[in-house]
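1. sharing a model that was predicted from the sequence below.
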Amino acid sequence: MLVLGIESSCDETAAALVNDKKQILSSAVLTQMEHKNFGGVVPEIAARSHLEHIDEILEAAFHQAGCQPQDIDAVAAAAGPGLIGGVTVGVMAGKALALALNKPFIAVNHLEGHALTPRLTSDVSYPYLLLLTSGGHCQILIVKGVGEFERLGTTIDDAAGEAFDKVAKMLGLGYPGGPIIEKMAALGDEDRFVLPRPLYNSPDCNLSFSGLKTAVRKIIESYADDGLIEHAVLRKRDCADICAGFQKAVTDCLLHKLRKAVAIFRQRCPQGRYMVVAGGVAANIYLREHLQQLADTENLIFAAPPIKFCTDNGVMIAWAGIERAQKDLFNDLDFKPRPRWPLDENAPKAAGAGGVKA
């Protein structure tokens, strides 16, 4: 089975071809750089860029794979959650191809794409414990199967990746914040500044990063004579130490709640052997190293996608499409793109009589 995956939920326009032998035949990704001028993704600009580049990205994916559109067996597109303008571009492109080629259409939850990628790259078996952490989402889940997710905890405010972006913006480091902060943190003293660990003592697995972000802001403001953050004067060493302390605080929070989640996971899924991280923040090497240590301590196998497949890409959508197709979970062409789509919500049923199916 050969599936085309299309991803356009935020600021990457991407397409890929993957088969059920776990071979990645192609992966074409265009990252929109124009958002750097605004310190974050501008939805209208993102949607227009997706519309402008989707055709060339699809052509690149087929060219890399050395095959023709009629060679595919199904079309999968990220149908949410995400910026609705961009999601709509990818979904409409996918539907048009499915209709023109008379191939099945598969609406993929963008988060499920992230969640299932380790099964492609590391051969992870169900069930597994998942930390899904990105710019827009931060959740701890038990993944029991395709469309079967049990959420153990989530952020009650900012996602971890969002906090990285906002702290980087406060420090004047640019966008996206994650890679920049990680690079600066490697030069800093992570114990110099005292930062909070929000919800650290709560009995649940929920997370919070808003208070941590505010604490960082107060430290930066202390370097301004008038207390205004825009007037703060920080040396490179100060900036590096703030980044290191912030990165450590985020990691500590994630690890602490994951320890609680491991205990629940063992109770509910005693046969589970894997601890997995996915999403854009999973590209952070410091976090990966500490997650590996936690997994070793808990006698679990740690798995994470290659760095290049942590951020948004078409490969994860194509693979999720394959897993859904193997369960006969196709969708009608009237499936509506969704700006919000909780991962632990019931998965869509297989297409009815009106669905385009192989």
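-> Alright, I've got the coordinates.
2. surely Ser202 is in a helix?
-> No - assessed with DSSP: H, G, I helix; E, B strand; the rest coil, Ser202 is coil; it does not lie in a helix.
3. and it, how many neighbours does it have?
-> 15 (other CB atoms under 10 Å). (C-beta placed from N, C-alpha, C; glycine too.)
4. what does Ile57 give?
-> Ile57 is flanked by 23 other residues according to other CB under 10 Å.
5. what's the pLDDT at it?
-> Ile57 is assigned a pLDDT of 98 by the prediction.
6. that one: what's it in contact with?
-> Ile57 sits next to 13-15, 28-30 when contact means CB atoms under 8 Å, 6 or more residues apart in numbering.
7. now do the SS call for Thr154.
-> With three-state DSSP as the criterion, Thr154 reads strand.
8. can you pull the contacts of it?
-> 138-140, 206-207.
9. let me know the closest of the residues you listed to Met184.
-> The closest of the contacts of Thr154 to Met184 turns out to be Cys138 (CB to CB; 21.5 Å).
10. backbone torsions only: list them for the closest one.
-> phi -150, psi 110 (degrees, to the nearest 10).
11. from Asp296, how far off is it?
-> For Cys138, the distance to Asp296 (CB to CB, to the nearest Å) stands at 23 Å.
12. the more surrounded of these two?
-> Each of Cys138 and Asp296 has its neighbours counted (other CB under 10 Å); Cys138 has more, 30 against 12.
13. is Thr311 in a helix, a strand, or coil?
-> Applying three-state DSSP: Thr311 is coil.
14. mind listing what's buried in stretch 118-135?
-> 118-122, 124, 126-135 (16 or more other CB atoms under 10 Å).
15. can you tell me which of these are in strands?
-> Counted as lying in strands by DSSP state E, out of those, are 128-133.
16. residue ranges with poor pLDDT in the stretch 251-358 of the chain?
-> Within the stretch 251-358 of the chain, the segments meeting pLDDT under 70 span 346-358.
17. spell out the residue ranges of the strands in it.
-> In the stretch 251-358 of the chain, the strands defined using DSSP state E, counting those that start in this stretch lie at 274-278, 301-303.
18. contacts for stretch 159-170, please.
-> So stretch 159-170 is contacted by 39-40, 133-138, 158, 174-178, 180-181, 207, 209-210, 212-213, 216-217, 220, 229, 242-243, 246, 250, 254, 279-281 (CB under 8 Å, 6+ apart).
19. that stretch - what's its average pLDDT?
-> 95.
20. got a list of what the closest residue to Pro81 other than its chain neighbours touches?
-> Nearest non-adjacent residue to Pro81, counting by CB to CB, 6 or more residues apart in numbering: Trp341, 4.4 Å away. For Trp341, the contacting residues are 79-81, 109-111, by CB under 8 Å, 6+ apart.
21. try 6 Å
-> 80-81, 109 (CB atoms under 6 Å, 6 or more residues apart in numbering).
22. show me which of these is closest to Arg235.
-> Among the contacts of Trp341, and counting by CB to CB, the member closest to Arg235 is Pro81, at 40.3 Å.
23. how many neighbouring residues does that closest one have?
-> Pro81: 21 neighbours (other CB under 10 Å).
24. what's the answer for Arg235, then?
-> Using other CB under 10 Å: Arg235 sits among 9 other residues.
25. may I have the phi/psi pair for it?
-> According to degrees, to the nearest 10, Arg235 has phi -70, psi 160.
26. ok, it to Leu171 distance?
-> Taking CB to CB, one finds Arg235 at 12 Å from Leu171.
27. hang on, the earlier thing: please identify the deepest-packed of the strands of the stretch 251-358 of the chain.
-> strand 274-278 (a mean of 25; mean count of other CB atoms under 10 Å).
28. and the strand or helix carrying Gly86, which residues are buried?
-> Under the criterion of DSSP states H and E, Gly86 resides in helix 84-101. For helix 84-101, a neighbour-count test (16+ other CB under 10 Å) marks 84-95, 97-98, 101 as buried.
29. and for stretch 279-299?
-> 279-284, 286-288, 290-291, 294-295, 298.
30. now for those residues: which two are most distant?
-> So, the buried residues of stretch 279-299 by CB to CB: farthest apart are Gly280 and Glu298, at 24.3 Å.
31. dump the strands of the stretch 251-358 of the chain to TSV, plus distance to Thr311.
-> Formatted as TSV, those follow (distance: least, CB to CB, whole Å):
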stretch	distance to Thr311
strand 274-278	11
strand 301-303	17
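32. so which of the ones you listed gets nearest Lys21?
-> strand 301-303 (19.4 Å).
33. nearest residue to the middle of the chain?
-> Gly279 (2.9 Å; CA atoms, centre = their mean).
34. these two touch, right, that residue and Leu130?
-> No - in this structure, Gly279 is not within contact of Leu130 by CB atoms under 6 Å, at 9.4 Å.
35. which helix runs longest in this protein?
-> Secondary structure of the chain read by DSSP state H shows that its longest helix is helix 236-268.
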